[in-house]
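Engineer: this one's structure only:
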């Protein structure tokens, strides 16, 4: 169940007009969201350039100071970067915000403004297809918020706030709702929110004119109790979708009804080797842009699992489970060419570049890596002509 709180007035890579970027067609401005609190070496959002021919990253520089800008979303066409400032309830729920930045010619960021996140520990964000709205997920309190984006790139007061309700069987992690991600269908009609606390993928109809969310029919899809769905990735065809279970190190594939947005489970399989005796904790789930492969990161095991996707059924077949050359892998990103995967190792302060086998999907570590303090998220701007 859920409650809608008023109508007050979330891909993370899109297009950048060539005239606004000094980079060549083979180089992409890349941004890294981080954790800055505790003993972190990070001071905010960092940036580097990525060469898609060699797979090399330049030395990163601080793009903008910020507190725990963990997850990012990019409107590359307008040269905007958005970040959730992941401040937990213990650090002051009222201080949790979402921020907007303007990209300067050198790739660093100019702060525009921020808005309250309307929840604690905002942990994920995405732009809608029009670039007019930013959608975020708040882990603490288990809610979603939608923000209109003004012509100058500033975030306006929330146009929609949705509170989830419910719980599940893991009393240490699922005593209440915990919205962990928000993703939109390519046609911009549906939003999907993975809720770790309720073991559900919540399904909403998205109004791209008003910037509001309303329960779809069906309004959710359940995973096995205790799984804790965390992130969610749609297949390019729109026919399938996938979610990783943070608490049990599993991944579920769904068939997707393109008209209703509904999800029907295909299968749930492990993200770990059969004999692995490690902490079970997946982080990211991402379908390759070509739709052939699925990747899931394992914290604890410090690896990324790769699966081949059957294009007719959506079923997953394990290809390989590869160490990430670091500790606590979080988000990862596949570059526009589909040849490289950039993995963020949070507890090793590294971004490692992997080469992707174009036939099998398996990843192989390269010598290309950089240091970024407590990296959480990797996003790129992709220059294209108008």
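Structural biologist: Here it is on my side, so go on. Since this is a predicted model, take the numbers as computed values, not measurements.

Engineer: Residue 112: what secondary structure?
Structural biologist: What DSSP: H, G, I helix; E, B strand; the rest coil gives for residue 112 is strand.

Engineer: Check residue 304 and give its pLDDT.
Structural biologist: pLDDT for residue 304: 98.

Engineer: burial count for residue 209?
Structural biologist: If you count neighbours by other CB atoms under 10 Å, residue 209 ends up with 8. Heads up, the C-betas are built off the backbone N, CA and C, glycines and all.

Engineer: What residues are bridge-paired with residue 221?
Structural biologist: residue 201 (DSSP bridges).

Engineer: For it, list the residues it contacts.
Structural biologist: By CB atoms under 8 Å, 6 or more residues apart in numbering, residue 221 lies in contact with 200-201, 203, 254, 262-265.

Engineer: ok, now with 10 Å
Structural biologist: Residue 221 is in contact with 192, 200-203, 229, 241, 243, 252, 254, 256, 261-265, counting by CB atoms under 10 Å, 6 or more residues apart in numbering.

Engineer: Where do the strands of the stretch 1-150 of the chain begin and end?
Structural biologist: Ranges of strands within the stretch 1-150 of the chain are 2-4, 15-17, 27-34, 44-51, 56-57, 61-65, 69-75, 80-85, 97-103, 109-116, 120-127, 133-140, 143-148, based on DSSP state E, counting those that start in this stretch.

Engineer: List the strands paired with the fourth one, with their directions.
Structural biologist: So that's strand 44-51. As assigned by DSSP bridges, strand 44-51 forms pairs with strand 27-34 (antiparallel), strand 56-57 (antiparallel), strand 61-65 (antiparallel).

Engineer: Return the most buried member of those.
Structural biologist: strand 27-34 (a mean of 26; mean count of other CB atoms under 10 Å).

Engineer: what angle sits between that one and strand 97-103?
Structural biologist: 160 degrees (axes from the mean of the first three to the mean of the last three CA atoms, to 10 degrees).

Engineer: ok, the closest residue to residue 41 other than its chain neighbours to residue 222 distance?
Structural biologist: Once flanking residues are discounted, residue 41 sits nearest to residue 373: 3.3 Å by CB to CB, 6 or more residues apart in numbering. Going from residue 373 to residue 222 by CB to CB, to the nearest Å gives 38 Å.

Engineer: With neighbour numbers in mind, choose between the two.
Structural biologist: Per other CB under 10 Å, whichever of residue 373 and residue 222 has more neighbours is residue 373, with 20 against 15.

Engineer: where's the residue nearest to residue 41 relative to residue 42, distance?
Structural biologist: On the measure of CB to CB, residue 373 and residue 42 end up 3 Å apart.

Engineer: What is the neighbour count of the closest residue to residue 87 other than its chain neighbours?
Structural biologist: The shortest distance from residue 87 to any non-neighbouring residue, by CB to CB, 6+ apart, is to residue 96 (4.4 Å). Close neighbours of residue 96, defined as other CB under 10 Å, add up to 28.

Engineer: so how far does stretch 325-342 reach from one end to the other?
Structural biologist: 12 Å (CA to CA, to the nearest Å).

Engineer: want to try CSV for the strands paired with strand 44-51, with distance to residue 248 and mean pLDDT as columns?
Structural biologist: CSV is the format used below for the strands paired with strand 44-51 (distance: least, CB to CB, whole Å; pLDDT from 0 to 100):
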stretch, distance to residue 248, mean pLDDT
strand 27-34, 26, 97
strand 56-57, 33, 98
strand 61-65, 36, 98
